[in-house]
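Engineer: here is my input; please provide its structure:
(3 chains)
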Amino acid sequence: MPYLELASVTKNYRSIMALTDLSLNVDAGELMCLLGPSGCGKTTTLRIIAGFATVDRGHVRLGGDDITRVPPQKRDIGVVFQNYALFPHLTVNQNVGFGLAMRNQKRGEIAAAVREALRLVRLDDVGDRLPRQLSGGQQQRVALARAIAIRPRLLLLDEPLSNLDAKLRDEMRDEIRRVQRAVSITTVFVTHDQIEALALADRMAVMDRGRVVQVDTPINVYERPKHPFVASFIGQANLLRGTVTAAQGEHVRFETASPLAIVGVGRAMANGRAVIGVVKSERIRLSRGAPLDVANVFPARIESRTYLGASIHYRCAASGEKLLATEPNRPDAVLFEPGAPIFVSFLPADCLVLADERTNDAG
Amino acid sequence: MIALHFFSRLYLGLVYLFVIGPMLIIIIDSLNSATSFPSPFETVTLRWYVAVLRHDEFLTAMRVSAIVAALAATIATVLGFLAAYALVRYPLRGENAIATFLLAPILVPQIVIGLAMLQLLALLGVQLTLAGLVAVHTIYVMPFTLRLVMTGLARFDFGLEEAALSLGAGRLRAVRYVTLPLVRTALIAGFVFAFILSFVNLPLSLFLTNPSTATLPIVMFAYMESRIDPLVAAVASMVVVAAVAITVTVERAFRLRLLG
Amino acid sequence: MATLPLEVVPRAADTVRWSAYAGLAPAVAFVLLLLALPLAATAYLSLSPNVLIQFEGLGLDNFRYLLSKAYYVDVLVRTLRTSFLVTLLALLLGYPAAYVLKGLSERVGSTMIVGLTFPILTGPLVVVLGWMILLSDGGPLLGPLVRRGLLAPLRLLGTETAIVIGLVHFTLPFVILTVLSSLKQIPNDLIEAAHSLGAGPVRMFFRIVWPLSLPGVISASIIAFSLAASAYVSPHYLGGATQLTLTTLVAQFILATFNSELAAAAAVVLLVMMVVIIFAFTKLMSRLVR
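Structural biologist: Okay, the predicted model is just below:
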């Protein structure tokens, strides 16, 4: 049985449908990431779990108990807020011990628990300082310690890393993972950064416009997206729109408007069906001469080249179709010049063919 | 350019002299040993202050004013906080209208506020007591406390309350342990301002006092109907010094808090 | 507020219950019972017959009486005249002062701002006492001039001029503070941009600073006018019984003439006058701010 369960949750904000019939299960001890663009409802979902927002329809269950109508202070859920929300007028010790003080524990017990929590997040010697005397990274550790000190049933993190600079972000990401594993606490983590989600999650839920589009392990979400939205949101993918011309087994042949005849893999689909072929930019190969052993080969022209250090981005045009190709920056790599005529190629296995929901619905 | 700089500073100085002048004159004349008023300065003396401290009527009036002001300021601050919290925290329907309604008493002339209360009590056949006096003073100062607390709460991050909730604090405890300490400055400023405004006010009390509930301004008013002398100047100076001292103290305390 | 993306959650949109309105209830009840109700009593009395003017039931006879007597019309006109004059003078004196204040350093500036609040906090009674001394012909200001024959005795006390001086003094700090706060809201970037585009100080003022400070000027005018029209202490001591304004008239009706109904009628006239003019000012402001 899942530890945290959202069942058919619907929420309106003044006639805007924030969440539509959303269902999600999180297993005990799991770190689940909610990933999606701005406005997709991930923060709303988190606030509903925490109890700061009410649901119009549906249920929230934790450990078997229905907590849908339970006020936040009784839910026993630890929250790390995006701006940390540390109490500025209390010391670090007082902040971390706040939840325990609210539970009327004895001073000695509180002090011990606070020490323990600070030790867990690797913060010593700051107990008597005020939040404004700490760095961003330290403040975040205190926020984490504060949420954990009450030994909650569930831990929620709302984009905790977005206020940190890049290097600190990587470091804190690992810290959060480490702490989460150390206390084996069920955790839900909201982010708009897919790298974070891929790195941290045991499973991730990709959300779009109030709905969960796909819930899966990071590898599956990345390699085998089930929906064009997921395919376009995760990684850097090229989306090739066309209609099915033939299908055999797992191979699907489709033609774009350009026209390009492409072979990819996907579910069996009827001819004429509108589809999107998803090709990750790192799976597109560029070469001067046309390779002979690959099914999808098209002549193209380099439009621009961007040097990114570890990799190089090429924007190409193949018969009117714009493609993004990413080549790793190896010492023996060939650097193509903008304007150069080249060939782009990719394997059918690297082209995932998905039904184009929108066009099919409209048609 | 330098001339402009000089003249602009001079202008400001003159304006300040104009603004502070009357208060300085009062203090100076209260130290004047001359008995008639006004008259050229003779010698410095404190005898008028001593006379005030022996003047029962003024002393009683000071006490009454202090009580009325303390009551009015307390009620106004409490009511103001409750209303300000509701207005700032929640998006309520009609909140602008309600806020305008609560701030409206500022626009009503104080003498009319006092008159209206007098006339209502007369129509109802109710006697004039301290309660009526406190009521009009509270009505008068509440818009100030409301405004000040609203400004303080507007700067407050209500996410901190949510954090407290997530840690197990009920709404009341969240407000008590997190919100109130952090808006303390605004609350104190509101209280002090309300106290002072009430203490020095005359028109509100004009129709509502009886001999046992005479405030200091009322007693001064009655006194000044028949004569102006250094005694009342001494009383006035005491008010000046007290008001200035309280303001500067509170201001300093907040400066330190803001810097520290 | 309506255009924020969904992820930035509106403040406590979900927890609005009756308890939210509960916080407002005490204050609203207080104002209703202790201001609205009394004002209704005053309105009622203003329409009621009295010793001087007899009629049946409720009617506007009291108002007709007041507005038909030249003496009382004079009082109304005097109130309007002094209030507008005070507003104008306070603005003329206060705007430049605020402008200079704005240019001062943080510390000096804030000290001076605190200094401006002193007259407000010591209360008009104390301050007017000071003016009574300063404006009297035997006092420390005019006395030496009169005695040396440099000045004919001005007999300022008991004139409208004295009232205006007293009220300008009273409203000046409010005007300066209001204008100052609106001047401070003009972003420095705009001034710098104008400089870089070649604007000299005069053009800078008329094209940039003045127009942007206009809402603050209107606010200050409304405040000054309200304060001047509702003032009691200054008109009472500096104008005396010969130069009545609507406020001192109300007091005279109660304390001297003992006519509660006419006092109520005068109070209603004062309120209506203020509402109408402030409404007009506010309309003007919204037209300017667009």
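Engineer: show me what counts as buried in stretch C:187-194.
Structural biologist: Residues residue C:194 are the ones in stretch C:187-194 that count as buried (16 or more other C-beta atoms under 10 Å in any protein chain shown). Every C-beta, even on glycine, is put in place using the N, C-alpha and C of the backbone.
Engineer: starting at the chain centroid, how far to that stretch?
Structural biologist: Computed by C-alpha atoms, centre = their mean, to the nearest Å, the chain-centroid distance of stretch C:187-194 equals 32 Å.
Engineer: try stretch B:158-165
Structural biologist: Offset of stretch B:158-165 from its chain centre (C-alpha atoms, centre = their mean): 33 Å.
Engineer: so where is the stretch 1-150 of chain B shaky, pLDDT-wise?
Structural biologist: B:1, B:35-40 (pLDDT under 70).
Engineer: so where do the helices sit in the chain?
Structural biologist: In the absence of a named chain, this looks at chain A. For chain A, the helices defined by DSSP state H cover A:42-50, A:92-96, A:98-102, A:107-120, A:136-149, A:166-183, A:194-200, A:218-223, A:228-233, A:357-362.
Engineer: that answer is for a different chain, and I need it for chain B
Structural biologist: Taking DSSP H, the helices of chain B run over residues B:2-30, B:47-54, B:56-89, B:95-103, B:110-124, B:130-154, B:159-166, B:171-174, B:180-182, B:184-199, B:216-226, B:230-259.
Engineer: quick check: which of those is nearest to residue A:251?
Structural biologist: Among the helices of chain B, the nearest to residue A:251 by C-beta to C-beta is helix B:159-166 (51.9 Å).
Engineer: what's in contact with the closest one?
Structural biologist: Residues outside helix B:159-166 that contact it (C-beta atoms under 8 Å, 6 or more residues apart in numbering or on different chains) are A:50-52, A:71-73, A:75, A:77-79, A:81, A:83, A:85-88, A:98, A:102, A:147, B:171, B:173-175, B:177-179, B:182.
Engineer: please repeat the previous calculation with a cut-off of 7 Å.
Structural biologist: For helix B:159-166, the surrounding residues in contact (C-beta atoms under 7 Å, 6 or more residues apart in numbering or on different chains) are A:50, A:52, A:72-73, A:77-79, A:81, A:83, A:85, A:87, B:174, B:177-179.
Engineer: also near chain C: which of those residues, exactly?
Structural biologist: Restricting the contacts of helix B:159-166 to those within reach of chain C (C-beta under 7 Å from any C-beta of the partner chain) leaves residue A:52.
Engineer: just the contacts of helix B:159-166 now: which is nearest residue A:12?
Structural biologist: Using C-beta to C-beta, residue A:52 comes nearest to residue A:12 of these, at 16.0 Å.
Engineer: chain center to stretch A:221-240: distance?
Structural biologist: Going by C-alpha atoms, centre = their mean, where stretch A:221-240 is centred and where its chain is centred differ by 12 Å.
Engineer: so what touches that stretch?
Structural biologist: Residues outside stretch A:221-240 that contact it (C-beta under 7 Å, 6+ apart) are A:37, A:194, A:198, A:204, A:206, A:208, A:213-214, A:256, A:262, A:276-281, A:321, A:323-324, A:326, A:352, A:354, A:356-357.
Engineer: let me see the confidence value for whichever residue of chain A sits closest to chain B.
Structural biologist: Per C-beta to the nearest C-beta, residue A:99 is where chain A lies closest to chain B, at 3.5 Å. pLDDT recorded at residue A:99 is 93.
Engineer: which residue is nearest the centroid of chain C?
Structural biologist: Closest to where the C-alpha atoms of chain C average out (C-alpha atoms, centre = their mean) is residue C:227, at 2.2 Å.
Engineer: how close does it get to residue B:139?
Structural biologist: 18 Å (C-beta to C-beta, to the nearest Å).
Engineer: cool, residue A:161 as well?
Structural biologist: 52 Å.
Engineer: quick one, which of the two is more surrounded?
Structural biologist: Taking other C-beta atoms under 10 Å in any protein chain shown, residue A:161 and residue B:139 do not tie; residue B:139 has more neighbours (25 against 22).
Engineer: which of the helices of chain A sits closest to residue C:66?
Structural biologist: The nearest among the helices of chain A, by C-beta to C-beta, is helix A:42-50 at 61.3 Å.
Engineer: relative to helix B:159-166, how tilted is that closest one?
Structural biologist: Angle, helix A:42-50 to helix B:159-166, by axes from the mean of the first three to the mean of the last three C-alpha atoms, to 10 degrees: 40 degrees.
Engineer: could the C-alpha coordinates of helix A:42-50 be exported in PDB?
Structural biologist: In PDB, the C-alpha atoms belonging to helix A:42-50 read as follows (Å, rounded to 0.1, in the frame of the first residue of the first chain):
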ATOM      1  CA  LYS A  42       3.200  21.200  -8.500                       C
ATOM      2  CA  THR A  43       3.400  23.800  -5.700                       C
ATOM      3  CA  THR A  44      -0.400  23.700  -5.300                       C
ATOM      4  CA  THR A  45      -0.100  19.900  -4.900                       C
ATOM      5  CA  LEU A  46       2.600  20.300  -2.300                       C
ATOM      6  CA  ARG A  47       0.500  22.800  -0.400                       C
ATOM      7  CA  ILE A  48      -2.500  20.500  -0.500                       C
ATOM      8  CA  ILE A  49      -0.400  17.700   1.000                       C
ATOM      9  CA  ALA A  50       0.900  20.000   3.700                       C
END
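Engineer: packing partners of it?
Structural biologist: Counting contacts by 3 or more C-beta pairs under 7 Å, 6 or more residues apart in numbering or on different chains; DSSP states H and E, helix A:42-50 packs against strand A:4-13, strand A:16-26, strand A:31-35, strand A:77-80, strand A:154-158, strand A:186-191.
Engineer: near whatever residue of the stretch 1-150 of chain B ends up closest to chain C, how many other residues are there?
Structural biologist: Relative to chain C, the nearest point of the stretch 1-150 of chain B is residue B:22 (2.6 Å; C-beta to the nearest C-beta). The number of residues packed near residue B:22 is 24, by other C-beta under 10 Å.
Engineer: ditto for the one 10 residues further on
Structural biologist: The criterion is other C-beta under 10 Å. On that basis, residue B:32 has 21 neighbouring residues.
Engineer: I'd assumed residue B:42 was in contact with it.
Structural biologist: Yes - taking C-beta atoms under 7 Å as the definition, residue B:32 is a contact partner of residue B:42 at 6.2 Å.
Engineer: for residue C:119, give me its contacts.
Structural biologist: Residue C:119 neighbours (C-beta under 7 Å, 6+ apart): B:19, B:23, C:127, C:173.
Engineer: how much space separates it from residue C:176?
Structural biologist: Counting by C-beta to C-beta - residue C:119 and residue C:176 are separated by 11 Å.
Engineer: the helix of greatest length in chain C near chain B at all?
Structural biologist: If you go by DSSP H, chain C has its longest helix at helix C:70-102. Yes - against chain B, helix C:70-102 shows contacts by C-beta under 7 Å from any C-beta at C:93, C:96-97, C:100-101.
Engineer: that helix: which residues count as buried?
Structural biologist: Within helix C:70-102, the residues scored as buried using 16+ other C-beta under 10 Å are C:72, C:75-76, C:78-80, C:82-87, C:89-91, C:93-102.
Engineer: and for stretch A:312-320?
Structural biologist: Going by 16+ other C-beta under 10 Å, stretch A:312-320 has these buried residues: A:312, A:314-316, A:318.
Engineer: let me see the mean pLDDT of it.
Structural biologist: The average pLDDT within stretch A:312-320 is 91.
Engineer: low-scoring stretches of the chain, by residue?
Structural biologist: Picking chain A for this. Chain A contains residues with pLDDT under 70 at A:15, A:358-363.
Engineer: meant chain C, my bad for not saying
Structural biologist: Across chain C (using pLDDT under 70), the flagged ranges come out as C:1-17, C:289-290.
Engineer: great, nothing more from me.
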